[in-house]
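Asks: Structure, please.
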Amino acid sequence: MTILALDHVQMAIPAGGEDSARAFYVGVLGFTEQPKPERLVAGGGAWFVAGSVHVHVGVDPDFHPARKGHPGLLVSGLDDLRGRCVAAGCRVVDDDRLPGYRRFYVDDPFGNRIECLEPDAR
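Replies: Predicted structure coming up:
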């Protein structure tokens, strides 16, 4: 057995949160929405893709935001992304504790933590 890659990350959202998820993942982070397979549409949620990165958001009737566990998005143009997050009113927390990287954490509209990081070229 060999693990080949991470296929996707699943993030929980509350019922009815799909439009807010679209506004954040597409409008702020720059993902594209990917159609869900017809058999999965009835369960709600949405799928997003950016390059080889896939994020699925799924409705959890007992939703609680992920405050510690989180996806880490390796990006280019970290400062531009941070500016887009701030302009959208997102909570952004800078963090300089990881040697070799510049990074910040941003909350999605539901309070789920997302790490955005870029190798430090300085």
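
Asks: The residue nearest to residue 28 when sequence neighbours are not counted: neighbour count?
Replies: In this structure, residue 28 finds its nearest non-sequential neighbour in residue 88, 4.7 Å apart by CB to CB, 6 or more residues apart in numbering. (Each C-beta comes from the backbone N, C-alpha and C, glycine too.) Per other CB atoms under 10 Å, the neighbour tally for residue 88 reads 15.

Asks: and residue 88, what is it in contact with?
Replies: Contacts were defined as CB atoms under 8 Å, 6 or more residues apart in numbering; by that measure residue 88 touches 24, 27-28.

Asks: swap in residue 53?
Replies: By CB under 8 Å, 6+ apart, the contact set of residue 53 is 31, 73.

Asks: hey, what's it bridged with?
Replies: Here residue 53 sits in beta bridges with residue 50, going by DSSP bridges.

Asks: Distance of it relative to residue 33?
Replies: Using CB to CB, to the nearest Å, we find residue 53 at a distance of 14 Å from residue 33.

Asks: swap in residue 27?
Replies: Separation of residue 27 from residue 33 (CB to CB) stands at 11 Å.

Asks: Spit out the residues that contact these two alike.
Replies: By CB under 8 Å, 6+ apart, no residue touches both residue 27 and residue 33.

Asks: Tell me the buried residues within the contacts of residue 88.
Replies: Among these, those classed as buried by 16 or more other CB atoms under 10 Å are 24, 28.

Asks: Including distance to residue 77, could the contacts of residue 88 go into JSON lines?
Replies: JSON lines is the format used below for the contacts of residue 88 (distance: CB to CB, whole Å):
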{"residue": "24", "distance to residue 77": "18"}
{"residue": "27", "distance to residue 77": "16"}
{"residue": "28", "distance to residue 77": "13"}
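
Asks: Nearest to residue 58 among the contacts of residue 88?
Replies: Taking CB to CB as the measure, residue 58 sits nearest to residue 24 out of the contacts of residue 88, at 15.1 Å.

Asks: Who are the contact partners of the closest one?
Replies: 88, 90, 108-109.
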